[in-house]
Structure formats: structure tokens, C-alpha cells
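> Let me see the structure of the following:
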Amino acid sequence: MSPSPLISAAELHDLFEMGRGPVVLDIRFVLQTGSDRAGYEAGHIPNAQFVDLDTELAAPPDHRGRHPLPDTETFVAAMRGAGVSDDSSVVVYDAGPATAAARAWWLLRYFGHRDVRVLDGGLAQWVAAGFPIGTEPSIVAAGSFTARPSLARVLDVDDVLEFAQNNILLDARAPERFRGEVEPVDPVAGHIPGAVNRPTTENVDADGRFLAPEVLDGTFGGLVPEGKDVAVYCGSGVTAAHQILALELAGIDAALYPDSWSGWITDPTRPRA
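Next up is the predicted model:
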């Protein structure tokens, strides 16, 4: 079996105690206000490096939505600046429950980096365990990260509707957004025709930690018939990565439609449900 894409706070702390600490990236982000550097500066896991989701894990908003995939040069520069090299073991976290950290996990895999894990439950679980918090800026030597063949799959916009007809396209947003009853972020409400709603909030327990693989397998198993491929979207391609991580825990390989709903609606000729 492949190593779990998750690491617990206790496991991460043990690695530090043994002098085998990985490169740790802080990906804190708030949907309403964006990347949370202030939160990082107020307290973070010692030696963690802040990575800005809006500017380093995404390109500027355009016809592809609010968080298009970053270009290779931007992402490589961000990883090198954070001390990541090709042989680095990387752990990514956010405040919890990993909806932002999963974006960094997915992108590292997208750019060919296999050794990356998500801190299960995020900083909240690190703090709950009583482990130390740092407030001083962390200085690291530049890494030598390079982009390599992708380990992640992407669904192209031109294939979305056909895919939804023949396979399983999961919408990871809240049910009321999927139904078009409310839309707090994007200018148009609704969902992509043929999509099935499965909110990311159902991936975790009350403490923000991922449910056990067998529980996730049971949940997703009822949505994904045998022999069907799976792709995921959300509002802007961020929280959909959280769904892909949960699907991986359940033993299901899934693609990301990175433009997601915010990109889909930039073309008024595309159908909406």
C-alpha cells in the first residue's frame, strides 16, 4: 500500500524530536478574506514557511475562475523559496480542517512531488496536543525543487459535460450552493448539469480530522458505481482538492476540474442547473 497522505500532530512532533523534521508549509486561508499571513505571524508550527494560496498556489483570477492553477515558474519559485527540494519530505497544514492545505498537497503532486502529506486536523490539532508554537520568522535555505511529470489528473473544461453524462462529477460545495439557493461568493448560482453534490464537510469529524478510510469508502462507494471514473469541482478548485484527498483515502483515484464553478460561469453559453 502507498503511504497515507495524512500525518498526525503526534507523528509530526516525533519526527522533529528525532531530528528528521520535514519541510513544513503553512497554507492558512480564509474564504472571505484570502491568504492568512497574519495568522501565520501570530503563531505557527516552528520552522514552518508561509505559502500564499492566492499568489503562489494560484494564478490571478481570469476566465478560468477565482483560483486558476499557477504556472510552473510561479509554483517552482514558491517551493524553492520555502526550502523544498526534489528529495524533501513535505508536510502541509492550515488552521484546520485542511481545505486549503489540500490545495498545496494536490499541486505538489500535480508538479510531480510524491513525498507530501497533510497534517490531519491542521494547526488546531497541533495546539490541542500541547506542542510548541513559534512566532519568529523562519529562515530556510532555498530549495532546488523542479517540476516533474504529474502525479495528478485534470479534467479539461471541454470534456466536463460529457464526463458528467458518462461518469461521476462531484460538486464539493455546500448543498445550498449546489442547489442555487444561496451564492455568497460567485455572481451566478447553481451547478454544472449532471453533477452530484458531496460536500467536503462530510469528509471530516467534529475535530476536523478525516474520517477513517473504511467510513469514507462506504460513503463514496454509494456515489461511485464500479467502473465509473470520478472528477471533482468546487467553487474555485481549492476545496475540491480536499475531496480528492478523501477519495484517495477511500481508495478512489479522482481528477480535478480546476476551473470549477467560478470558471464555468465565465462563459454564458455553458449550461447551468
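> For the rest of this, base every contact and every neighbour count on C-alpha atoms.
Noted.
> remind me which residues of this protein are low pLDDT?
Along the chain, segments meeting pLDDT under 70 span 1-2.
> All the helices of it, residue numbers only.
With helices called from DSSP state H, the chain shows them at 9-17, 37-42, 53-56, 72-81, 101-110, 122-128, 160-166, 175-178, 213-221, 239-249, 260-264.
> Out of these, flag the one nearest residue 154.
Residue 154 sits nearest to helix 101-110 of all the helices of the chain, at 8.9 Å, using C-alpha to C-alpha.
> Pull the residues that contact that closest one.
26-28, 57, 92-94, 114, 116-118, 149-153, 238-239, 241-242, 245 (C-alpha atoms under 8 Å, 6 or more residues apart in numbering).
> hmm, back to that, now the helices of the chain in TSV, please, with extra columns for mean neighbour count and distance to residue 231.
Output for those, formatted as TSV (neighbours: other C-alpha atoms under 10 Å; distance: least, C-alpha to C-alpha, whole Å):
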stretch	mean neighbour count	distance to residue 231
helix 9-17	14	30
helix 37-42	14	31
helix 53-56	19	22
helix 72-81	18	23
helix 101-110	25	14
helix 122-128	20	25
helix 160-166	15	8
helix 175-178	18	16
helix 213-221	16	12
helix 239-249	26	8
helix 260-264	26	11
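> one step back: filter the contacts of helix 101-110 to the buried ones?
In terms of neighbour count (16 or more other C-alpha atoms under 10 Å), the buried residues within the contacts of helix 101-110 are 26-28, 57, 92-94, 114, 116-118, 152, 238-239, 241-242, 245.
> Which ones among the contacts of helix 101-110 lie within strands?
26, 92, 93, 116, 117, 118 (DSSP state E).
> what sits opposite the fourth one in the beta ladder?
In this entry, residue 116 is beta-bridged to residue 90, by DSSP bridges.
> 17 is where my numbering starts, stick with that
With 17 as the first residue, the last one maps to residue 132.
> So it sits against residue 20, correct?
No. Residue 132 is not in contact with residue 20 according to C-alpha atoms under 8 Å; the separation is 9.6 Å.
> For residue 153, give me its contacts.
57, 63.
> Now for residue 214, how many residues are close by?
Applying other C-alpha atoms under 10 Å, we find 22 residues neighbouring residue 214.
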